[in-house]
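Undergrad: I would like to see how this sequence folds:
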Amino acid sequence: MTSKKHSEFKTLSLCSLGGAFEYYDFSLFALMAPVIGQHFFNESIPSIALMKTFGIFAAGYFARFLGGFYFSHLGDTTGRKSPFMITLFLMAIPTLGIAILPTYEQIGILAPLILLLLRIAQGFALGGEAPCAMAFIHEYASKNKKCFAMGLLFGGILFGSFFASLIYTFLNTLIPKAMFDDWGWRIPFAVGGILGIIGVYLRKNLKESNEFIHCKKSNLLLKVPFLKIFQKHLSKIFIGIIFLLPSSTAFLYYLLISSKTLETEYHFDPKFIKEVTTLGFFLNAIFGIFFGYLSDKFTAKKIYILGIISLCILSSVSHFILSMGSDTIFLLFIMLLSINLGACVGSVFHILTMMFPIQIRTSSLALALNTTNGLFIGITPLLLSNIASFTNNNALPGFYILTLCLLSLVIIIKFNKKYL
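TA: Coordinates of the predicted model:
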């Protein structure tokens, strides 16, 4: 029994660690958007260069559709394990590529074109990582620990974002700004690529989930899982997207892309913003695991409702709170928001996974996750930056998130209990 528990914990930890490496790589691009814009676009106006960088950021998200389709098909037809190895490798190599990529000044238009291709490769890999990991971990974990297992997976993924932010903040403190903007920004990408290659090695001994093996031996696998989804499960895909959108959008806006707005519109110190958002990543990861544990005790539905109601309140008052300009209140806001997002993370992915049978689970998760991230979250930086620019109203992003929260709250309250 002890050996089985040790094996389960080791497997879950390796999956979480691999996810952390991948999301470290993917999050770096958002954090580095301003300095990347300076090096890879020939624009005299920084805001235009930043907008083009966000365009490449969005391209990475759109590529998740293709990656999700390809790797989830493999996951449902050949097994969950093999996509694990490929996706992590495909994330590591482009990240190393960004670390050594010549700038626009050195090779001209080729620089942004190659950057775009590398970002697409990252998105392609990430599109298959999370769905396969979710299906594998959910099937591998004990019956009374499935929410905790999902919390551990996404806690690990969030630790990847935390580590990216930590490295970014540390280097900005250690290296003079001119030096960091010149070449220091390449260091985090080099670190990410090396960590990804290490992750491939660590994952090589993972074994296939018993549920999938049983399904395969019983000849229950489908040749084209996506056809089954479009025939019978499309409505659940839309519901899953609605469940994912509020916390995903809030995480992206408040912790990843709002630093420029916080600096220019709310007048917070850039260094302080980096430190606070880094703490936010850490709290989000810790409480994602904690609320995963609580979801096993009190049901995922209750924890999710708690998280969404809290997010409703925080998003509706965010502009007022940030407008106060108080460092202490800003810090408390980010801490509360990150803890609250942990409640969503620790519950929503179990709900989503339980909605679909084993034969189409990876493909369904890929479609829901990558539509959420590829279509909606991918355009969020462009959408919110344009809203703020054209309307001169910095309160609108908070109300946009509030609307998403209310929509998901209405549906989860009425949602069929058998999935929870």
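
Undergrad: For the chain, name the helix or strand with the lowest mean pLDDT.
TA: In the chain, the helix or strand scored least confidently by mean pLDDT, DSSP states H and E is helix 378-391, which has a mean of 64.

Undergrad: ok, and the closest non-adjacent residue to T278?
TA: S165 (4.2 Å; Cβ to Cβ, 6 or more residues apart in numbering). To be clear about C-beta, it is placed using only N, CA and C from the backbone, and glycine gets the same treatment.

Undergrad: Around the one you found, count how many other residues there are.
TA: S165 has 26 neighbouring residues, counting by other Cβ atoms under 10 Å.

Undergrad: and it, what does it touch?
TA: 27, 31, 274, 277-278, 281 (Cβ atoms under 8 Å, 6 or more residues apart in numbering).

Undergrad: Could you check how far F272 is from G97?
TA: 33 Å (Cβ to Cβ, to the nearest Å).

Undergrad: I242 too?
TA: On the measure of Cβ to Cβ, I242 and G97 end up 36 Å apart.

Undergrad: Same check on A285?
TA: From A285 to G97 the distance is 27 Å (Cβ to Cβ).

Undergrad: more neighbours, these two?
TA: A285 (28 against 18).

Undergrad: what distance separates the host helix or strand of that one from the centre of its chain?
TA: Per DSSP states H and E, A285 falls inside helix 270-298. Distance of helix 270-298 from the chain centroid (Cα atoms, centre = their mean, to the nearest Å) equals 13 Å.

Undergrad: If you count neighbours, what's buried in it?
TA: By neighbour count on 16 or more other Cβ atoms under 10 Å, the buried set for helix 270-298 is 273-296.

Undergrad: tell me what it is packed against?
TA: helix 146-174, helix 259-264, helix 300-323, helix 327-354 (3 or more Cβ pairs under 8 Å, 6 or more residues apart in numbering; DSSP states H and E).

Undergrad: what helix or strand does T362 sit in?
TA: Element membership of T362 [criterion: DSSP H and E] is helix 361-370.

Undergrad: what is the orientation angle of that helix with helix 327-354?
TA: Angle of helix 361-370 versus helix 327-354, following axes from the mean of the first three to the mean of the last three Cα atoms, to 10 degrees, is 150 degrees.

Undergrad: neighbouring contacts of helix 361-370?
TA: Everything outside helix 361-370 that qualifies as a contact, by Cβ under 8 Å, 6+ apart, is 64-65, 67-69, 71-73, 75-76, 80, 127-128, 130-132, 134-135, 138, 225-226, 229, 233, 236-237, 240-241, 244, 352-353, 355-356.

Undergrad: Which of those fall in helices?
TA: 64-65, 67-69, 71-73, 75-76, 127-128, 130-132, 134-135, 138, 225-226, 236-237, 240-241, 244, 352-353 (DSSP state H).

Undergrad: Show the buried residues in the residues you listed.
TA: For the ones in helices among the contacts of helix 361-370, buried by 16+ other Cβ under 10 Å: 64-65, 67-69, 71-73, 75-76, 127-128, 130-132, 134-135, 138, 225-226, 236-237, 240-241, 244, 352-353.

Undergrad: what's near enough to touch F349?
TA: F349 touches 134, 150, 153-154, counting by Cβ under 8 Å, 6+ apart.

Undergrad: follow-up on the earlier one: can I get the helices and strands packed on helix 270-298 in TSV including distance to L407?
TA: As requested, these are exported to TSV (distance: least, Cβ to Cβ, whole Å):
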stretch	distance to L407
helix 146-174	22
helix 259-264	24
helix 300-323	10
helix 327-354	14
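
Undergrad: As CSV, those helices with mean pLDDT and distance to L101 would be great.
TA: Shown next, in CSV, are the helices and strands packed on helix 270-298 (pLDDT from 0 to 100; distance: least, Cβ to Cβ, whole Å):
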stretch, mean pLDDT, distance to L101
helix 146-174, 85, 18
helix 259-264, 74, 23
helix 300-323, 93, 35
helix 327-354, 94, 32
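
Undergrad: I413 is nearest to which of those helices?
TA: I413 sits nearest to helix 300-323 of all those, at 7.1 Å, using Cβ to Cβ.

Undergrad: Pull out the buried residues from the closest one.
TA: Buried residues in helix 300-323, counted by 16+ other Cβ under 10 Å: 300-308, 310-312, 314-316, 318-319, 321-322.

Undergrad: Helix, strand or coil: sort out F415 for me.
TA: Recorded secondary structure, F415: coil (DSSP: H, G, I helix; E, B strand; the rest coil).

Undergrad: which residues does P246 contact?
TA: 308, 311, 344, 401, 404-405, 408.

Undergrad: Repeat the analysis, applying 7 Å as the threshold.
TA: Residues counted as contacts of P246 (Cβ atoms under 7 Å, 6 or more residues apart in numbering) are 308, 311, 401, 404-405, 408.

Undergrad: Just to check, Y168 is in contact with A33?
TA: No - using Cβ atoms under 7 Å, Y168 makes no contact with A33, being 11.2 Å away.

Undergrad: low-scoring stretches of the protein, by residue?
TA: Within the chain, the stretches with pLDDT under 70 are 1-7, 42-61, 257, 260, 374, 378-392, 416-420.

Undergrad: Please report how far H267 lies from N394.
TA: 12 Å.

Undergrad: Tell me which of those two has more neighbours.
TA: N394 (19 against 10).

Undergrad: Surely that one and E265 touch.
TA: Yes - using Cβ under 7 Å, N394 and E265 qualify as a contacting pair, with a distance of 5.3 Å.

Undergrad: Now for those two: what residues contact both?
TA: What both N394 and E265 touch, as defined by Cβ under 7 Å, 6+ apart, is an empty set.

Undergrad: quick one on the thing from earlier: which of the contacts of S165 lies closest to S258?
TA: For those, the nearest to S258 is T277 (8.5 Å; Cβ to Cβ).

Undergrad: Spatially, what comes nearest to the closest one if we skip its sequence neighbours?
TA: Closest to T277 by Cβ to Cβ, 6+ apart is L255, at 5.2 Å.

Undergrad: show me what contacts that neighbour?
TA: L255 neighbours (Cβ under 7 Å, 6+ apart): 277, 280-281.
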